[in-house]
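Trainee: build me a model from this:
(2 chains)
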Amino acid sequence: MKLLLVEDDKEAAAYLKRALSEAGHTLDYAATGREGLMLAAGETYDVIVLDRMLPQVDGLTILRTMRASDVKTPVLLLTALGGIDDRVEGLEAGGDDYLVKPFAFAELLARVNALARRPPTQDVQTALRVSDLSLDLLKRAVTRDGVRIELQPREFQLLEYLMRHAGRVVTRTMLLESVWDFHFDPKTNIVETHMSRLRAKVDRGQRHELIHTVRGAGYCLREPD
Amino acid sequence: MFRSTSLRLAVLYTTAFAISVVALGVITLLTTRAALSEQFNARIQSEAAALTQEFRTEGLDGVVQAVRERDRTPGALDYGLVGPDGHALAGRLAPSGAVIGWSTVQTAQRDGELEPIRVFTVALPDGYRLLVGDDEERIEALDGAVLRGFAWAFAGVVILGVVGGYALSRDVHRRLAAISSTAEAIIDGDLSRRVQVRGSTDDLDRLAETINRMLDRISALMESLRQVSSDIAHDLRTPLTRLRQRLESGLAKEGERGEAIEGALGDLDSILETFAALLRIAQIEGGARRAAFRATDLSQLARTVVDAFAPSAEDARRSLGLEGEGPLMIDGDPELLTQMLVNLVENALRHAGEGAVIRVGVGKAHGAPVLWVIDNGPGVPTAERERVFDRFYRLERSRSEPGHGLGLALVAAVAKLHGAQVRLHEANPGLEARISFPAT
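Mentor: Below is the predicted model of the structure:
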């Protein structure tokens, strides 16, 4: 995937450049907002990773300018501002996701991947299918190999999110934000608990497991090899 | 002093008032003069008419008699009766040529002085003429009286205006100077200073009160900021020290390096978490979140939280249930309210012990929305029920357990932002955390 990283902190940028390349992405790098804006307007990227606080032109201004000039590339905002309103402000400016510094690299990678493969058109899907698992969004019914699986409403939402991001890693925080709308980190292992119940219903007694734990990162639902 | 607004106003009003007194005086004078003059003429003419009538009925002797009689009466008008040959027959008014009608005649008064007399001359039959007149000074005397009255009034207005204006402006000036000096003192660093309030509820008093409330708010914000800085300095040192030791030992013993780094990352995460919680509490206490307030259903919120935590509670052999019915709408910040409830529920899950029954509920008490979390655990000693809401305060028995001691401080901050009361009560057995929102 081709990424654009706009980040003024040289050391952080160098680390991210190396780590993202190791993860198999090609990367363009801009140290200032102006440079970033020029690259974003001239090239085509899958995802732009944009630091919110930049010297001269700040991140949000760049984002607004990009959106105003019809650049639709998904943008992941990075910020040192942990404020509660900052997220809302970032999303309103046209950001697609928001990550507060400092973050685990696995979290950044998972979010970049989640953004990149988002379908360009928001087609109304009525059914999701991965291997022999299918989820009917209208009937709110799940079947595996034709056998009906009864899920609690939250378990259904959890599975829907995993299936929409099939093949990609989703982190605990991504699930907390999208399934429960919790924008803070509870001490209790609520994601793990719900996930283990979901896995018991979806994977137990099956020949192939579809839901996998990715150590140090999160979960992944994928086709059996 | 002379640049003061109130003095300028007083001078302006006094001037305006003085001008209106002068105008009123002029109008009054002109009107009175016209009325008096008319009355003066009417009196003379009616006397002349009466005497003419007398001449017709009583003849010449009757008129002579009447004029002499009137001449003797003090305060009466002046008269004169002139024969066809031009000789005065009676009265003090001398013949004044052949003028018939109004004229002004210089006449010797009783004291011998010549004075202008306004005279009305009528022709009687057989060539006789009758003169009736009156001293014009009477009108002038009345004019003078009116003028003097208004002069006094004018002087009164000016004196009142100057003295009153001075007193008023001195009072206002003094009170404004007091506000100004308080502000100066605060600029110089004494934030405890407040503007003096008289208790008279006038506009200056209300201004003083508003300024004082503003100062209270600023003090509270600064206190909260100071608190956060000292909390960070004080309570982050301990985990930072631990982190440093772990890294040092990893550096020293090569075999334990991986373990040390993993441990250090864990320490770091917990430090960052504390840091984030402190900043969030400070932000909430600063009141900056009210902009995100919207209609929020407390019962929906409680259901989401119970729904999210029930499986984990069950796995930890605790029971988490929901009671009360919705919807129960309040004006609030759903994100913060959720976090508040999560903190209360997690607190109960952590401290109530294995087998505990925890109930989350919403309802109304005296018409006001209430949110509660009740457990049947060991509770909190009465003496410590207020202090658990302080930052970093932890009960003795929970010091060994994980947690940064900020959960309830955040609960208190969110409750305060919503104007709600948060109290811990004995639940016999156990603890009830009860949040009472203001009635809507």
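
Trainee: can you give me the domain assignment for chain A?
Mentor: When chain A is parsed with automatic domain parsing, its domains come out as A:2-116, A:127-221.

Trainee: in TSV, list those domains along with mean pLDDT.
Mentor: Written out in TSV, the entries for the domains of chain A read as follows (pLDDT from 0 to 100):
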stretch	mean pLDDT
domain A:2-116	89
domain A:127-221	92
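
Trainee: and of those domains, who's closest to residue B:247?
Mentor: Nearest of these to residue B:247, taken as C-beta to C-beta: domain A:2-116 at 16.2 Å. Using the backbone N, CA and C atoms, a C-beta is placed for each residue, glycine as well.

Trainee: up against chain A, what does chain B have?
Mentor: By C-beta under 8 Å from any C-beta of the partner chain, the residues of chain B that approach chain A are B:272-273, B:276, B:279-280, B:283, B:288-289, B:291-292, B:304, B:307-309, B:311-312, B:315, B:335-336, B:338-339, B:342, B:346, B:349-350, B:402-403.

Trainee: of the residues you listed, which belong to helices?
Mentor: By the criterion of DSSP state H, membership of the residues of chain B next to chain A in helices covers B:272-273, B:276, B:279-280, B:283, B:304, B:307-309, B:311-312, B:315, B:335-336, B:338-339, B:342, B:346, B:349-350.

Trainee: on that earlier part again, closest to residue B:225 out of the domains of chain A?
Mentor: Across those, residue B:225 has its closest neighbour in domain A:2-116 (14.8 Å, C-beta to C-beta).

Trainee: coming back round to it: who wins for proximity to residue B:202 among the domains of chain A?
Mentor: Each of the domains of chain A was scored for nearness to residue B:202 using C-beta to C-beta, and the closest is domain A:2-116 (39.9 Å).

Trainee: picking that back up, possible to save the domains of chain A as JSON lines with distance to residue B:22 and mean neighbour count?
Mentor: Supplementary listing: the domains of chain A in JSON lines, determined by distance: least, C-beta to C-beta, whole Å; neighbours: other C-beta atoms under 10 Å in any protein chain shown:
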{"stretch": "domain A:2-116", "distance to residue B:22": "65", "mean neighbour count": "18"}
{"stretch": "domain A:127-221", "distance to residue B:22": "76", "mean neighbour count": "17"}
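
Trainee: related to what we said a few turns ago, of the ones in helices among the residues of chain B next to chain A, buried ones?
Mentor: When neighbours are counted using 16 or more other C-beta atoms under 10 Å in any protein chain shown, these contain these buried positions: B:272-273, B:279-280, B:283, B:304, B:307-309, B:311-312, B:335-336, B:338-339, B:342, B:346, B:349-350.

Trainee: got the domains of chain A as a markdown table, with distance to residue B:48 columns?
Mentor: Formatted as a markdown table, the entries for those read as follows, by distance: least, C-beta to C-beta, whole Å:
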| stretch | distance to residue B:48 |
| --- | --- |
| domain A:2-116 | 100 |
| domain A:127-221 | 109 |
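
Trainee: out of those domains, flag the one nearest residue B:128.
Mentor: Taking C-beta to C-beta as the criterion, residue B:128 comes closest to domain A:2-116 out of the domains of chain A, the separation being 112.2 Å.

Trainee: out of the domains of chain A, which is closest to residue B:320?
Mentor: Minimum separation from residue B:320 across the domains of chain A (C-beta to C-beta) falls at domain A:127-221, 10.4 Å.

Trainee: residue B:116 and residue B:41, how far apart?
Mentor: Computed with C-beta to C-beta, to the nearest Å, the distance linking residue B:116 and residue B:41 is 15 Å.

Trainee: all set now, cheers.
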